[in-house]
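Chemist: Give me a 3D structure for the following:
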Amino acid sequence: MLRRIASLPSGRVAKWVVLALWVALLIPAGMLAGKLGDVEKNDSSAWLPANAESTKVVERSDKFQRSDTMPAIVIYDRPGGVTPADMDKARADAEAFADNSSVVGRPQGPLKSDDGMAIQTVVQVQKDKTGWNGINEVVTSLTDIGKKDADGLGFHVTGPAGHASDSIEAFGGGGSLTAITALVVIVILLLTYRSPVLPLVPLLTAGVALSASEAVIYLLAKNAGLTVNSQTSFILTVLVFGAATDYALLLTSRYREELRLHEDRHEAMAEALRRCSPAIIASAATVAVSLTLLMLATLRSTQGLGPACAIGIAVGLLAMITLMPALLVIFGRWIFWPVKPAYGAAEAAKQGIWTRVGTAISGRPRTVWIGTAVVLGAMAVAMLGLKADGLSTKDQFTDKPQMAVGQEIQARHFPAGSGDPIYVVTNADSAERVRTALADVPGIAEVAPPVVKGGDALLAGELEDAPSSSAALDTVKRARTAVHGIGTADAQVGGNAAITLDTRDAAARDSKVIIPIVLLVVFLILMLLLRAVVAPLLLMATVVLSFAAALGVSSLVFNHVFHFAGADASFPLLAFVFLVALGVDYNIFLVTRVREITEEHGTRRGALEGLSATGGVITSAGLVLAGTFAAMASLPLLFAAELGFTVAFGVLLDTMIVRSVLVTALTLDVGRWMWWPSKLFGRHDDGTPTAPAGEPDREPALESS
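Modeler: From the prediction side, this is the model:
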């Protein structure tokens, strides 16, 4: 059956049918993919689980205030002190702000700071009026007004709207991210293939896969409630380009081998697909299933990221085993120009670097794997220093945008939490008791009188600290403890600071639940693929060790080289899922080839020849994937830079050290026990059955080639 399926895209007529189907699909897919931004939910309150306290406050407070607004905090400052003319300008600006159709109500202020050095005005922006991207247009309009005729008066827009605007500009680099990712792929493929034409085929196929993936995700987000955001979009881009190109490298490498054995290129492609498709499909399935498990998350942003990326992997796989084979067969052998694989030509002797590495390891495999494991373990210890308890809004960028500057100025001259309070919804008859309890909470500067409506009351408490700071989150915890203690009040605490806290707590819970499940599921997939127990256990151990080492090195780099403020609360989970899934990916590529050779020649020869045969292509695949994730650093977002660095470093560590040295050394040392309890366990290294009980069971040395 596999042979018949594999022959479809390589058939003399079928190749044209496959190409026509993809072309027909690409037209509507391109139109739908362009609409993905229309269904993105970039407001952090939309990411929370339905049972989060801050989510319930949003629902209960609808009767008091519009839930579709967010504050833009406008800050003016003059080092020598604001003048009466500055106050006049601020008042005139407030009137101009109110004329914007996306501004709700009258601006609050302007208010001069107690030290006379700054002015603050709070403007409520309707975030659903023009869509999420419209917030940037509103903030730009406010900025144009504020900076006009300023005469040296500083002007900044901060607060939630300012943060949203700067985030939109940062995510607006998605087009450049795609271009940089494509450039990285082209350069690595040029070095790998040494052909100026061949790299265009996998690049074109990956681009088609990305467009088709975005179209499917758009339809699910619009019609099935899938939550996607800008973060989903840029991760999807690098993942599809990286993973799909990896599959292309493996297919092309095997196709080149088969072209030397088959005069008919259609037969060569059919055989290449038959032999490498099981490993490619198993690898893609492992990554897709691991990502799909993110649906178990309570944080809806993570919950939506999983299936979206799994769709990208699935579509990328489909494109690489249908469209790309059809294109390669259509173009013929000349696509490999200037070094075309000729029928009957002898394959070059495999005395490359990976053959030499295997030979070096084979002398003392136990010493090698123990030493490698110790070094990786030492690297992993540093992960204890990772600060992944969330980031304040001003620390979420690699540069210092307008919002961050404004927030620093606001903190110097006003209560840092002014304009962005915490909200408490309670029963109307308990409002005064709740207000008293809230006012006594350390970190609360002032509590406004309750607004009563429909049996409920809404209170606003001004924070002394910036809403996204650790101090403000501690204040939210104390406030919840205080108001929850009033038994009949049914009081709940929300607001942006509470949303940040609930997001961090949900991310921590998701990591504890999902990581063990991912490990179990990947282990079961490896058992089914290899039909063994020992090999999957060892492979999982190497992948987990590789992840821990990558996280340890990343922690050192973040803390002592780049001096980052910390990491997003969801960072460890996403780094784990990507590195474990992709790490197992490369182990599958290697071990399936080792198993194929072992069936005829035994485990020792299988380990060495498997490393020699796959070393170059897996290294190239690792470089492609590392390069695509490293391209994420082109976005001025701390989360993108940290995830990109960690996955890129982890992939290189896995391909260069873990897969090539550690796994090979373990396979040589453990020998045929790798395949227990499958039939391969009962095979000598020359492929013959083991000796009967009571007779010597010696394994002959590998013949030199």
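Chemist: Point out the other helices and strands that the longest helix along the chain packs with.
Modeler: Counting by DSSP state H, the longest helix found in the chain is helix 496-530. Applying 3 or more Cβ pairs under 8 Å, 6 or more residues apart in numbering; DSSP states H and E, we find helix 496-530 packed against helix 53-60, helix 265-292, strand 417-427, helix 470-484, helix 534-560, helix 571-601. In this view, the C-beta of every residue, glycine as well, is placed from N, C-alpha and C.
Chemist: Isn't Ala170 up against Ser634?
Modeler: No: Ala170 lies out of contact with Ser634 (Cβ atoms under 8 Å); the separation is 10.4 Å.
Chemist: Please compare the two by neighbour count and tell me which comes out ahead.
Modeler: Each of Ala170 and Ser634 has its neighbours counted (other Cβ atoms under 10 Å); Ala170 has more, 21 against 18.
Chemist: for the record, mean pLDDT for the helix or strand harbouring that one?
Modeler: Using DSSP states H and E, Ala170 sits in helix 159-171. Averaging pLDDT along helix 159-171 gives 82.
Chemist: which residues of the stretch 151-300 of the chain fall in strands?
Modeler: Ranges of strands within the stretch 151-300 of the chain are 154-158, based on DSSP state E, counting those that start in this stretch.
Chemist: Check the gap between the spatially most central residue of the chain and Leu142 for me.
Modeler: In the chain, the residue lying closest to the centroid (Cα atoms, centre = their mean) is Ile235, at 4.8 Å. Using Cβ to Cβ, to the nearest Å, we find Ile235 at a distance of 31 Å from Leu142.
Chemist: same check, this time on Val493
Modeler: Val493 is 30 Å from Leu142, where distance means Cβ to Cβ.
Chemist: So for these two, which residue has more residues nearby?
Modeler: Val493 (32 against 27).
Chemist: show me what contacts Leu653?
Modeler: Leu653 is in contact with Ser546, Ala549, Ala550, Val553, counting by Cβ atoms under 8 Å, 6 or more residues apart in numbering.
Chemist: swap the cut-off to 10 Å and go again
Modeler: Applying Cβ atoms under 10 Å, 6 or more residues apart in numbering, we find Leu653 in contact with Leu376, Met379, Ser546, Phe547, Ala549, Ala550, Val553, Leu579, Gly583, Gly622, Ala626, Arg659.
Chemist: Pull up the gap between it and Ala215, please.
Modeler: Per Cβ to Cβ, Leu653 is found 35 Å from Ala215.
Chemist: what does Ser101 give?
Modeler: Distance of Ser101 to Ala215, computed by Cβ to Cβ: 32 Å.
Chemist: Equivalent analysis for Arg274, please.
Modeler: 30 Å.
Chemist: Mind checking which of these two has more residues around it?
Modeler: For Arg274 and Ala215, the more surrounded residue by other Cβ under 10 Å is Ala215, and the numbers stand at 23 against 18.
Chemist: Now do the contacts for the more buried one.
Modeler: Here Ala215 is in contact with 25-26, 28-36, 311, 315 (Cβ under 10 Å, 6+ apart).
Chemist: now Ser468
Modeler: Neighbouring residues of Ser468 by Cβ under 10 Å, 6+ apart: 44, 160, 163, 390-396, 407, 417, 420, 496-497, 499-501.
Chemist: Does it lie in a helix or a strand, and which?
Modeler: Ser468 belongs to no helix or strand when assigned by DSSP H and E.
Chemist: re earlier: common neighbours of Ala170 and Ser634, please.
Modeler: Here Ala170 and Ser634 have Phe234, Ala640 as joint contacts, going by Cβ under 10 Å, 6+ apart.
Chemist: Make TSV out of the contacts of Leu653 and add distance to Val82.
Modeler: Output for the contacts of Leu653, formatted as TSV (distance: Cβ to Cβ, whole Å):
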residue	distance to Val82
Leu376	58
Met379	53
Ser546	56
Phe547	53
Ala549	54
Ala550	50
Val553	48
Leu579	52
Gly583	57
Gly622	57
Ala626	51
Arg659	62
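Chemist: Check pLDDT for these and point me to the minimum.
Modeler: Gly583 (78).
Chemist: Surely Leu190 touches Pro199?
Modeler: Yes: between Leu190 and Pro199 there is a contact at 5.6 Å, judged by Cβ atoms under 10 Å.
Chemist: Tell me which of those two has more neighbours.
Modeler: Pro199 (21 against 13).
Chemist: In contact with that one, which residues?
Modeler: Applying Cβ under 10 Å, 6+ apart, the residues contacting Pro199 are Val185, Ile186, Val187, Ile188, Leu189, Leu190, Leu191, Thr192, Tyr193, Thr245, Ala248, Thr252.
Chemist: didn't the last one look like it was pressed against Leu273?
Modeler: When you say that, I think you mean Thr252. No: between Thr252 and Leu273 no contact is recorded; they are 11.5 Å apart, counting by Cβ under 10 Å.
Chemist: could you dump stretch 324-340 to PDB, C-alpha only?
Modeler: Provided in PDB are the C-alpha atoms of stretch 324-340 (Å, rounded to 0.1, in the frame of the first residue of the first chain):
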ATOM      1  CA  MET A 324       7.800  18.700  -4.000                       C
ATOM      2  CA  PRO A 325       8.200  15.100  -5.400                       C
ATOM      3  CA  ALA A 326       6.000  16.100  -8.400                       C
ATOM      4  CA  LEU A 327       8.100  19.200  -9.000                       C
ATOM      5  CA  LEU A 328      11.400  17.300  -8.800                       C
ATOM      6  CA  VAL A 329      10.200  14.700 -11.200                       C
ATOM      7  CA  ILE A 330       8.800  17.300 -13.600                       C
ATOM      8  CA  PHE A 331      12.200  19.200 -13.700                       C
ATOM      9  CA  GLY A 332      14.200  16.000 -14.100                       C
ATOM     10  CA  ARG A 333      17.900  15.400 -13.200                       C
ATOM     11  CA  TRP A 334      19.000  18.800 -14.400                       C
ATOM     12  CA  ILE A 335      17.500  20.400 -11.300                       C
ATOM     13  CA  PHE A 336      20.700  19.100  -9.500                       C
ATOM     14  CA  TRP A 337      23.000  21.100 -11.900                       C
ATOM     15  CA  PRO A 338      25.900  21.400 -11.900                       C
ATOM     16  CA  VAL A 339      26.400  18.000 -10.200                       C
ATOM     17  CA  LYS A 340      23.700  15.800 -11.700                       C
END
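Chemist: And it, what's buried?
Modeler: Met324, Pro325, Ala326, Leu327, Leu328, Val329, Phe331, Ile335, Phe336 (16 or more other Cβ atoms under 10 Å).
Chemist: Report the residue spans of the protein with pLDDT below the cut-off.
Modeler: Scanning the chain for pLDDT under 70 picks out 1-7, 42-46, 65-67, 128-133, 172-175, 345-351, 682-705.
Chemist: before we move on, the earlier item: the residue nearest to the centre of the chain against Ala631, yeah?
Modeler: No: Ile235 is beyond contact range of Ala631, at 11.5 Å (criterion: Cβ under 10 Å).
Chemist: how deep is Ala378 tucked in, by neighbour count?
Modeler: Count around Ala378 with other Cβ under 10 Å applied: 11.
Chemist: Repeat that for Arg595.
Modeler: Neighbour count of Arg595, defined by other Cβ under 10 Å: 22.
Chemist: Could you check how far it is from Ala282?
Modeler: Distance, Arg595 to Ala282, by Cβ to Cβ: 12 Å.
Chemist: shared neighbours, these two?
Modeler: What both Arg595 and Ala282 touch, as defined by Cβ under 10 Å, 6+ apart, is the set Leu529, Leu530.
Chemist: Dihedrals phi and psi, Ile75?
Modeler: Backbone torsions of Ile75, given as degrees, to the nearest 10, read phi -120, psi 130.
Chemist: Please name the bridge partners of it.
Modeler: Following DSSP bridges, Ile75 is listed with bridge partners Gln120, His156.
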